[in-house]
Structures are given as C-alpha cells and as structure tokens.
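In: Model the structure of this input:
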Amino acid sequence: AVEADVGHPREKRHSIASGTDAAGQKYRIYARDFDHAYVVIRPQVDWRPQIYSDSTGIVVPLPAPMRPLHRDGSFGPAISSVTLRNVEAAILFK
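Out: Reported below is the predicted structural model:
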C-alpha cells in the first residue's frame, strides 16, 4: 500500500468527530482530503492505559462512497462509512 498515490493535499487536517467510545476512552478523529484519497485517523488522545479492542470502534461516515485501500495495495468495494478502533487509520480512494 506504500506505493498508492494519494495525490497532493487539498486541505489541512481537521477534526471530524470527538467524544468517548464504548470502552470509556476519549477519542478524536481527524480527516484530510487529498487529490485521489481521503485519509481518516484516530490517534491516542491521552496517556492513560489504553484498550484497543473492537469495543473501541467508532463509525465514521464518509462524504461520499469510497474504496478502502488494503495493506496489500488492493482496494475493497465502495463503502459509505468506516469503523476506526483506537489508534487506527484508513486511506479511502475516491
């Protein structure tokens, strides 16, 4: 997937969601639009011991249907939302 061409950034990184997940952890989700892709990331936001299980998943609606880039460089079918667990990210192609 490192070879995927996302293009140039079209905007600055910005926060698109924040709150507390089902595991009781605070979260903040950031997005950045590129020429060919949309990147969403959920970094760790505090220094407490962290949980990384499926219970931390947050559904992130996408601005339009997009195809997720898999780690092997292949693309999945178009989706309208993505679920990010604690410290996960996704690259979605337009």
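
In: Return the residues in contact with the spatially closest residue to residue 41 that is not a sequence neighbour.
Out: Sequence neighbours aside, residue 89 is the residue nearest to residue 41 in space, at 4.0 Å (criterion: C-beta to C-beta, 6 or more residues apart in numbering). Every residue, glycine included, has its C-beta placed from N, CA and C. Contacts for residue 89 (C-beta atoms under 8 Å, 6 or more residues apart in numbering) come out as 39, 40, 41, 42.

In: among these, who's most crowded?
Out: The residue in the contacts of residue 89 with the most neighbours, by other C-beta atoms under 10 Å, is residue 42 (22 neighbours).

In: Would you enumerate the residues in contact with that residue?
Out: Contacts of residue 42 (C-beta under 8 Å, 6+ apart): 27, 28, 29, 30, 58, 84, 85, 86, 87, 88, 89.

In: one more time with 7 Å, if that's ok
Out: For residue 42, the contact set (C-beta atoms under 7 Å, 6 or more residues apart in numbering) comprises 27, 29, 58, 84, 86, 87, 88, 89.

In: how much space between it and residue 63?
Out: Distance, residue 42 to residue 63, using C-beta to C-beta, to the nearest Å: 17 Å.
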